[in-house]
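Q: sequence? don't have it. structure:
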């Protein structure tokens, strides 16, 4: 089960397969020519799904003010 901690909040989630994979592409332009090409950087097949609200992480201090 994936857990994400952001600041003083914690999220519980699960990994889900995507119906259609997503591509991350980078645009390349050749010098001196008007041609443009694209390179595939990575393929995304899964995503993290956090379906509940975040829970606060409570830390008690031993110091008294």
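A: Received, thanks. These numbers were taken from a predicted model, which means no experiment stands behind them. Numbering: from 1, shown residues only.
Q: quick one: mean pLDDT for the longest strand belonging to the chain?
A: In the chain, with assignment by DSSP state E, the single longest strand is strand 14-29. For strand 14-29, mean pLDDT is 93.
Q: list the helices and strands it packs on?
A: strand 36-49 (3 or more Cβ pairs under 8 Å, 6 or more residues apart in numbering; DSSP states H and E). For every residue, glycine as well, the C-beta is placed using N, CA and C.
Q: and the strand it packs on, which strands flank it?
A: strand 14-29 (antiparallel) (DSSP bridges).
Q: other residues contacting stretch 40-57?
A: 2, 4-6, 8-18, 21-26 (Cβ atoms under 8 Å, 6 or more residues apart in numbering).
Q: same thing but at 7 Å, please
A: 2, 4, 8-18, 21-26 (Cβ atoms under 7 Å, 6 or more residues apart in numbering).
Q: what's around the nearest residue to residue 13 once chain neighbours are set aside, how many residues?
A: Nearest residue to residue 13 in three dimensions, chain neighbours excluded: residue 50, at 3.9 Å (Cβ to Cβ, 6 or more residues apart in numbering). Burial of residue 50 is recorded as 13 neighbouring residues (other Cβ atoms under 10 Å).
Q: roughly how far apart are residue 50 and residue 25?
A: To residue 25, residue 50 is 26 Å away according to Cβ to Cβ, to the nearest Å.
Q: any idea what residue 12 is bridged to?
A: Beta-bridge partners, per DSSP bridges, of residue 12: residue 3.
Q: which residues touch residue 10?
A: Contact analysis of residue 10 by Cβ under 7 Å, 6+ apart lists 3, 54-55, 57.
Q: tell me the phi and psi of it?
A: Main-chain torsions, residue 10, degrees, to the nearest 10: phi -130, psi 140.
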